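In: 3D model of this:
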Amino acid sequence: MSSSTHDHPLPPPRIEEVSDGVYAYLQPDGSWWINNTGFLAGRRGVICVDACSTERRTRAFREAVGTVSDRPITTLINTHHHGDHTFGNWLFPEATIVGHEGVREQIIADGVPSYLGAWSPDVDWGHQDPVPPFLTYTEGVTVHSDDLRCEVRHVGVAAHTTNDSYVWIPERQLLFSGDLVFNGGTPFVMMGSVAGAIQAVEHLRGLGAQTIVPGHGGVCGPEVYDRVEGYLRFVQETARRGKEAGLTPLETARETDLGEWAGLLDSERIVGNLHRAYAELDGQPLGAPIDLAAAVFDMITYNGGRPLSCLA
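Out: Next comes the predicted model:
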């Protein structure tokens with residue numbers, strides 16, 4: 001069952017300076033739709049990494065930026081298309097919104113996604129106006145905060161989604177990973193690839209980051225990679241056993257002891273991840289379309305038929 005339900009209120013978001021002039025904006029508890037963002041405060045302007053899921057949370061993020069810098073927000077980078085990182089794009093009218101071509105395509109295709117009904121009806125999303133990036137790339141782009149070089153790179157494979165990018169600041173050995181890394185939450189690859197996510201972790205390892213701002217959870221170091229990869233390999237092995245036994249992804253999840261992974265937030269993601277892993281065992285290309293509605297329905301069923309927990 002979902003392990004993300006907590007008594008209200010959640011701890012407030014906080015700013016953490018992770019390097020000189022570079023800030024993580026951390027939103028506890030990091031469960032469904034509660035993501036991290038960040039920003040670089042330069043002399044002439046601010047570069048933001050991702051927006052938030054709700055109007056209230058994105059406005060609070062902007063206010064937090066204003067407590068650090070009185071410079072305009074010139075740039076907003078989207079690490080991928082999911083709404084917890086992009087629904088707030090419309091609240092940055094002055095900024096150049098930057099993202100992978102696939103981010104733009106998916107936001108336009110999804111509009112306001114119909115699958116929001118899978119989560120708690122109590123979520124106050126606020127006004128929703130899907131705004132895609134209007135400066136796009138296929139492999140990457142480099143932005144500069146004053147003299148600080150920030151490499152925005154598509155990871156090159158379907159992983160969390162098919163359009164994941166990270167923001168790498170080599171001079172500081174600092175990485176904004178987007179949702180390629182979850183710290184304390186269950187990695188989620190239903191819209192991407194299990195095998196590709198493992199490849200992505202190996203790619204990120206090779207960068208040599210010492211400080212990582214994950215898409216969800218606290219700031220961490222490279223030790224987080226082992227946890228993410230370990231869970232993903234657990235999904236692959238669980239899928240192999242279930243498929244050999246003739247079980248559906250939901251049946252496999254119900255018969256599986258999550259063991260060391262049981263304490264991760266949003267544990268029902270095992271079901272969506274197994275749907276993806278089954279497709280890969282069937283020989284589908286990494287990131288190929290699957291029946292997402294069926295996978296989400298199975299996650300709800302695994303969750304006792306209740307909407308998925310969301311405290312955003």
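In: Just to check, Tyr137 is in contact with Asn163?
Out: No: the pair Tyr137 / Asn163 is not scored as a contact, 10.7 Å apart, by C-beta atoms under 8 Å. Any C-beta I mention is one placed from the backbone N, CA and C, and that applies to glycine too.
In: List the residues that are in contact with both of those two.
Out: Common neighbours of Tyr137 and Asn163, using C-beta atoms under 8 Å, 6 or more residues apart in numbering, are His100, Glu101, His154.
In: In terms of neighbours, single out the busier of Tyr137 and Asn163.
Out: Set side by side, Tyr137 and Asn163 show more neighbours around Asn163, with 28 against 17, by other C-beta atoms under 10 Å.
In: Give me the mean pLDDT for stretch 108-118.
Out: The average pLDDT for stretch 108-118 rounds to 95.
In: no no, stretch 157-171
Out: Rounded mean pLDDT across stretch 157-171 is 98.
In: does Arg62 sit in a helix or strand, and which one?
Out: Arg62 belongs to helix 55-68 when assigned by DSSP states H and E.
In: Same question for Phe234.
Out: Following DSSP H and E, one finds Phe234 within helix 224-244.
In: Can you classify the nearest residue to Glu55 once chain neighbours are set aside as helix, strand or coil?
Out: Excluding its sequence neighbours, the residue lying closest to Glu55 (C-beta to C-beta, 6 or more residues apart in numbering) is Gly126, at 2.6 Å. Three-state assignment for Gly126 (DSSP: H, G, I helix; E, B strand; the rest coil): coil.
In: same thing with the one 10 residues further on?
Out: For Thr136, the secondary structure call by three-state DSSP comes out as strand.
In: Just confirm it contacts Arg104, I think it does.
Out: Yes: at 5.2 Å, Thr136 counts as touching Arg104 under the criterion of C-beta under 8 Å.
In: okay, now the closest residue to Gly217 other than its chain neighbours: neighbour count?
Out: Excluding its sequence neighbours, the residue lying closest to Gly217 (C-beta to C-beta, 6+ apart) is Asn183, at 3.0 Å. Each residue near Asn183 was counted by other C-beta under 10 Å, and the total is 22.
In: Check Gly208 too.
Out: 11.
In: and if you look at Glu237?
Out: For Glu237, the tally of surrounding residues (other C-beta under 10 Å) stands at 11.
In: burial count for Leu148?
Out: Neighbourhood size, Leu148 [other C-beta under 10 Å]: 19.
In: show me the contacts for it.
Out: Listed by C-beta under 8 Å, 6+ apart, the contact partners of Leu148 are Gly21, Val22, Leu40, Gly42, Ile169, Glu171, Arg172.
In: quick one, what contacts the spatially closest residue to Gly178 that is not a sequence neighbour?
Out: Among residues not flanking Gly178 along the chain, Thr79 sits closest, at 3.0 Å (C-beta to C-beta, 6+ apart). Residues in contact with Thr79 (C-beta under 8 Å, 6+ apart) are 49-50, 85, 99, 164-167, 176-179, 215.
In: how about 6 Å then?
Out: Asp50, His85, Ser165, Gly178 (C-beta atoms under 6 Å, 6 or more residues apart in numbering).
In: a helix runs through the second one, doesn't it?
Out: Yep, that's His85 we're talking about. Yes: under three-state DSSP, His85 sits within a helix.
In: Tell me the pLDDT of it.
Out: Model confidence at His85, given as pLDDT, is 98.
In: same thing with the first one?
Out: Predicted confidence (pLDDT) at Asp50: the value is 99.
In: Over to the one 3 residues further on?
Out: The pLDDT attached to Ser53 in the predicted structure is 98.
In: Look up phi and psi at it.
Out: Note on Ser53: backbone dihedrals following degrees, to the nearest 10 are phi -80, psi -30.
In: Distance check, the residue nearest to Asp20 when sequence neighbours are not counted against Gln284.
Out: Nearest residue to Asp20 in three dimensions, chain neighbours excluded: Arg172, at 8.0 Å (C-beta to C-beta, 6+ apart). Counting by C-beta to C-beta, to the nearest Å, the gap from Arg172 to Gln284 is 39 Å.
In: Between the two, which is the more surrounded one?
Out: Arg172 (18 against 14).
In: and Thr138, how many neighbours?
Out: 9.
In: My guess is the residue nearest to Glu55 contacts Cys52. True?
Out: No: at 10.2 Å, Gly126 and Cys52 do not qualify as touching, with contact defined as C-beta atoms under 6 Å.
In: where do the contact lists of those two overlap?
Out: In contact with both Gly126 and Cys52: no residue, using C-beta under 6 Å, 6+ apart.
In: Could you measure from the residue nearest to Glu55 over to Glu63?
Out: Gly126 is 15 Å from Glu63, where distance means C-beta to C-beta.
In: got the residue ranges for the helices in the stretch 51-200 of the chain?
Out: Secondary structure of the stretch 51-200 of the chain by DSSP state H, counting those that start in this stretch: the helices cover 55-68, 83-86, 101-110, 194-207.
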